[in-house]
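Engineer: Next input, structure requested:
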Amino acid sequence: MKGYIPQEIIDEIRDRTDMVDLIAPYVMLKKRGRNYVGLCPFHLEDTPSFTVSPDKQIFYCFGCQKGGNCFDFLMEYEHLPFPEAAEKLARRAGIPLPEKEISPVERQRRDERRRLYDVNKETASFFQRQMAQSRPCLAYLDRRGLSAEVVAAFFLGYAGESWDALRNHLLKAGYSEEDLLKAGVVSAGEGGRIYDRFRQRLMFPIADAKGNIIAFGGRILGEGEPKYLNSAESRLFNKSRNLYGLHLAAPHIREKGEAILMEGYIDVLTAHQFGLKNTVAPLGTAFTEDQAKLLKRYGGRVLLAFDGDGAGRKAALRSIDILSKQGFRIAVLALPEGRDPDDFLRQQGPEAWAALAEKAPSHMEYLIELAFAAHDAGRAEGKADIVKALYGPILAIGDGVERGEYVRTIAQRLDISEELLLADIRRGATEGRDAIGRDFSYQKPPKEKSEDRAVRLLCHLALEDQSFYDRLEAELGWDFLADSPLKPLLELVAQHYDRYSWRPRDLADLLEEEEKGRLFSFLLEEVPEGDRATVFSDCLARVKRKKLAEELAALEAAIRRETSNENHGDFLRLLQEFDKKQKELRKI
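Structural biologist: Numbers count the residues shown, from 1 in each chain. Alright, predicted model coming up:
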């Protein structure tokens, strides 16, 4: 997976990346003891459980069990493969990376992608020049009140009436018809005729998160169908995995911690023009899970601002379901019936928008109102239908306090007991877990015994110090861990003893993905202040005493059994062994 990046450079990147500095721009961290804590960026929570250790250079969330080093954080937060995360961290640390040796097939794919980017860039420039010469298009932009700054920022253009003007221009620029077809800017008709895909349309270049143009959307300005048309999907473009305007909105979403999700391209343009620069939209289709995951890289809250009609409400419901499963906090801006964000902003202004957004209900409040409006709460059947409609959304709430408040609200409005409502909900929670995998019930773990704590501290210290590891192996071996989940970690060190760095974070590279959470949770446990050698010796003595006490108990039971036997040799041997163990115990 690490490909062409040598291990020594990976280690250097890790050593020169401070985890607190890396994570601070993404998560508001507060110092707590030796560590830093904040609200987890990977799941919804109200109480900080996300912890960063500057000493160990790791992070771990005690809520969702995600943890790791600098590479893991960037890969998880920005959904990057390892090579891209490493390249980004290397640039940040000022570390040059070696040129990647790639196969001929990989080189061909890379060159093709670059060529398609170039085709799209040249196409956007062509459309921009066409727009400057098109009075109908300029008149349309003027009627919509779009400023020159927004038009330029989003690279808007115009596709004229010609069936082959773009094709001819791109061929003259040195691109092949195959390039044009792969980019999706032309289409092939019967008989193999190649013609421009877009005609008489206001053109919206679609960029990826890095600002590379990957496709186009076109709105018809004359008569004809469809009203909106996108580029065909290509090696660069998948409409379900990109969001319109994200390349411009991303820094503003990160700054505010919130994205505004609208339905249409024009809505996004108008929103940016009125200062709502954290606004994005799907690409002419329903909002998807991949788009939600993409959005999660930049913020944990979403304000849904869909059209105030039946279709807008349906789109909002679909989006709520997808966003809630990704752990977003969701508010729903209730636009008046028949209005869309574009005309609301133009007619009412940004102040009215801000007032409406300030009062925007949470998605649960919105769903509760819809459920009560759709069913008769005065009838038993209506009450049952309301509970059924709200059952899934209630279970999807990750925070127990928040869930309890909504349960109380619904129960009061239905005039039923909270216990009855909770009983219905619990019946649907299979084995204590709901449909999207969150714990519905939580049992407090039993208090750890002092001997168990000593074992954990011994393992902790042994993973960080070779001398402690050697002493522990010599004096106790690893059998004392029995079925402990920590035993594989110590055995893993034994397997890689000669090249282990004695920095436990590096063990993550040797573990399966599902095992990493246990490691980082363990590493963030506090070791008592003071001399570590003393702590180690005290814990070792405690574990030895426990081990000897267990052995003495077993010997005592064996001696009792031997008192009725005639084999005095075994009886004397057991007594001698018992006496020996007692002396060992007194010496500790």
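
Engineer: Can you show me the helices along the stretch 351-500 of the chain?
Structural biologist: With DSSP state H, counting those that start in this stretch as the criterion, the stretch 351-500 of the chain has helices at 363-374, 380-395, 400-414, 418-428, 450-464, 466-475, 487-495.

Engineer: Mean neighbour count for these - can I get that in JSON lines?
Structural biologist: Bear in mind the C-beta positions are built from the backbone N, C-alpha and C, glycine included. Output for these, formatted as JSON lines (neighbours: other CB atoms under 10 Å):
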{"stretch": "helix 363-374", "mean neighbour count": "18"}
{"stretch": "helix 380-395", "mean neighbour count": "17"}
{"stretch": "helix 400-414", "mean neighbour count": "15"}
{"stretch": "helix 418-428", "mean neighbour count": "14"}
{"stretch": "helix 450-464", "mean neighbour count": "19"}
{"stretch": "helix 466-475", "mean neighbour count": "16"}
{"stretch": "helix 487-495", "mean neighbour count": "15"}
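
Engineer: CSV for those, including distance to residue 47 and mean pLDDT?
Structural biologist: What follows is the helices of the stretch 351-500 of the chain, written out as CSV (distance: least, CB to CB, whole Å; pLDDT from 0 to 100):
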stretch, distance to residue 47, mean pLDDT
helix 363-374, 19, 95
helix 380-395, 20, 89
helix 400-414, 9, 89
helix 418-428, 22, 78
helix 450-464, 24, 84
helix 466-475, 34, 89
helix 487-495, 29, 83
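
Engineer: pLDDT of the lengthiest helix in the chain, averaged?
Structural biologist: For the chain, the helix reaching the highest residue count under DSSP state H is reported as helix 532-562. Helix 532-562 shows a mean pLDDT of 83.

Engineer: Run through the neighbouring helices and strands of the very next helix or strand once past it.
Structural biologist: Scanning forward in sequence from helix 532-562 by DSSP states H and E, the next helix or strand is helix 568-587. Applying 3 or more CB pairs under 8 Å, 6 or more residues apart in numbering; DSSP states H and E, we find helix 568-587 packed against helix 532-562.

Engineer: chain center to the helix it packs on: distance?
Structural biologist: Relative to its chain's centre, helix 532-562 lies at 46 Å (CA atoms, centre = their mean, to the nearest Å).

Engineer: Just to check, residue 320 is in contact with residue 362?
Structural biologist: No - assessed by CB atoms under 8 Å, residue 320 is found out of contact with residue 362, at 10.1 Å.

Engineer: so what's in contact with those two at the same time?
Structural biologist: Shared contacts of residue 320 and residue 362 (CB atoms under 8 Å, 6 or more residues apart in numbering): 330, 332.

Engineer: These two: which is more packed in?
Structural biologist: For residue 320 and residue 362, the more surrounded residue by other CB atoms under 10 Å is residue 320, and the numbers stand at 22 against 15.

Engineer: which residues touch the more buried one?
Structural biologist: Residues near residue 320 by CB under 8 Å, 6+ apart: 304, 330, 332, 363, 366, 367, 393.

Engineer: Secondary structure class of it, three-state.
Structural biologist: Look at residue 320: counting by DSSP: H, G, I helix; E, B strand; the rest coil, its state is helix.

Engineer: If I look at it, what pLDDT would I see?
Structural biologist: pLDDT, residue 320: 95.

Engineer: how many degrees apart are the longest helix of the chain and helix 568-587 in direction?
Structural biologist: 160 degrees (axes from the mean of the first three to the mean of the last three CA atoms, to 10 degrees).

Engineer: buried set for helix 532-562?
Structural biologist: 532, 535-536, 539-540, 542-544, 546-548, 552, 555, 562 (16 or more other CB atoms under 10 Å).

Engineer: rewinding a little: out of the contacts of residue 320, who's nearest residue 81?
Structural biologist: Using CB to CB, residue 330 comes nearest to residue 81 of those, at 28.8 Å.

Engineer: about what we covered before: could you dump the buried residues of helix 532-562 into JSON lines with distance to residue 263 added?
Structural biologist: Below are the buried residues of helix 532-562 laid out as JSON lines (distance: CB to CB, whole Å):
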{"residue": "532", "distance to residue 263": "59"}
{"residue": "535", "distance to residue 263": "60"}
{"residue": "536", "distance to residue 263": "62"}
{"residue": "539", "distance to residue 263": "61"}
{"residue": "540", "distance to residue 263": "65"}
{"residue": "542", "distance to residue 263": "64"}
{"residue": "543", "distance to residue 263": "63"}
{"residue": "544", "distance to residue 263": "68"}
{"residue": "546", "distance to residue 263": "65"}
{"residue": "547", "distance to residue 263": "67"}
{"residue": "548", "distance to residue 263": "72"}
{"residue": "552", "distance to residue 263": "75"}
{"residue": "555", "distance to residue 263": "77"}
{"residue": "562", "distance to residue 263": "84"}
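
Engineer: returning to that earlier point: would you mind giving the helices of the stretch 351-500 of the chain as JSON lines with distance to residue 242 added?
Structural biologist: Shown next, in JSON lines, are the helices of the stretch 351-500 of the chain (distance: least, CB to CB, whole Å):
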{"stretch": "helix 363-374", "distance to residue 242": "24"}
{"stretch": "helix 380-395", "distance to residue 242": "27"}
{"stretch": "helix 400-414", "distance to residue 242": "32"}
{"stretch": "helix 418-428", "distance to residue 242": "36"}
{"stretch": "helix 450-464", "distance to residue 242": "43"}
{"stretch": "helix 466-475", "distance to residue 242": "49"}
{"stretch": "helix 487-495", "distance to residue 242": "41"}
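
Engineer: Please consider this matter closed, and thank you.
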